[in-house]
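Enquirer: below: sequence and its predicted model.
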Amino acid sequence: MKQGFSFSLPVTVVVLAIAYIYFSTVFIYIDRWFGLMSSPGIMNAVAFTAVALVCSFTYAVSIVTDPGRVPHTFMPDVEDAHNNPIHEIKRKGGDLRYCQKCSHYKPPRAHHCRVCKRCVLRMDHHCIWINNCVGHANYKGFFVFVLYAVVSCIYSLVLLVGSLTNDSLKDENQNGGSFITTYVISVLLIVPLSVALSVLLGWHIYLILQNKTTIEYHEGVRAMWLAEKGGDVYKHPYDLGAFDNLSTVLGPNFFSWVCPTSRHIGSGLRFRTAYDNTAGAGL
């Protein structure tokens, strides 16, 4: 299911940042380091343009893709609910998960978003930078966007440093003063952005390897404490092993891991668990 472009102030800021980094990288850093019409300049301009286009495309995908809605016809399997050892952490027992605000039952891993005012399948978090929830249907698109954003920022930063180094080695740097403001703004923008996005990417790589959402990580911290208090050992029920976790979230084909397509994810109403003997991802 698709939703239309929904611009907000944070989304506008991201779009402007992407545009600024692209134009300053191609028309200032590359041009002043190699010369835009030289062979190295053309190759770097083409390569950076390709990365920037893919980054922009995956960003748009994460914005317009609906994260996943609970069907109005959804009804949980009562017998499965009683026999399933997986319970929502904040509930005391294995009662059926029901959303009072949406007035319908919630599938496993679905949560109500107070911003979107609806339940989201396999909800990870609500992200103001895409003005959308990150959930079942757009999680991979969001992850791939962060990956390409990190690559773009680091690539731009390398070209920025190279351009500055090249300028500093020139005996005469004509009109160099006119670019000082651009360089200062770029350093203040790209360096913190590279660090923040790299941390975010590392965090989601950890979550994918564990087959957890951000919500499930925080719930798991409490579950682990409760288990230790009761003398038990807590294991995340959706942890199938590192490779299976990667395949479940990113797809069975290694070459599709860097593409935002999510045809393998299923309906998002049921997920394979460590207690299942059947193979496959979400049914």
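Expert: Cool, got the structure. Numbers count the residues shown, from 1 in each chain.
Enquirer: this structure: helices as residue ranges?
Expert: 9-24, 31-33, 39-64, 78-83, 139-168, 180-210, 214-229, 242-250 (DSSP state H).
Enquirer: so which of the ones you listed gets nearest Ile128?
Expert: Closest approach to Ile128 among the helices of the chain (C-beta to C-beta): helix 9-24, 4.7 Å. In this view, the C-beta of every residue, glycine as well, is placed from N, C-alpha and C.
Enquirer: list the buried residues of that closest one.
Expert: For helix 9-24, the buried set under the neighbour-count rule, 16 or more other C-beta atoms under 10 Å, comprises Val11, Val14, Ile18, Ile21, Tyr22, Ser24.
Enquirer: Leu157: which of the residues you listed is nearest?
Expert: Ile21 (9.6 Å).
Enquirer: model confidence for Arg270, exactly?
Expert: Per-residue pLDDT puts Arg270 at 90.
Enquirer: what's the separation between it and Asp124?
Expert: Going from Arg270 to Asp124 by C-beta to C-beta, to the nearest Å gives 18 Å.
Enquirer: who has more neighbours out of those two?
Expert: Shown here are Arg270 and Asp124; by other C-beta atoms under 10 Å, Asp124 has more neighbours (25 against 16).
Enquirer: quick one, what contacts that one?
Expert: Cys133, Val134, Gly135, Tyr139, Phe142, Leu207, Thr213, Thr214, Ile215 (C-beta atoms under 8 Å, 6 or more residues apart in numbering).
Enquirer: out of the residues you listed, which are buried?
Expert: Among the contacts of Asp124, those classed as buried by 16+ other C-beta under 10 Å are Cys133, Val134, Gly135, Tyr139, Phe142, Leu207, Thr213, Ile215.
Enquirer: quickly check these for the two that are furthest apart.
Expert: Cys133 and Leu207 (15.6 Å).
Enquirer: what does the model give Ile128 for pLDDT?
Expert: The model reports Ile128 with a pLDDT of 96.
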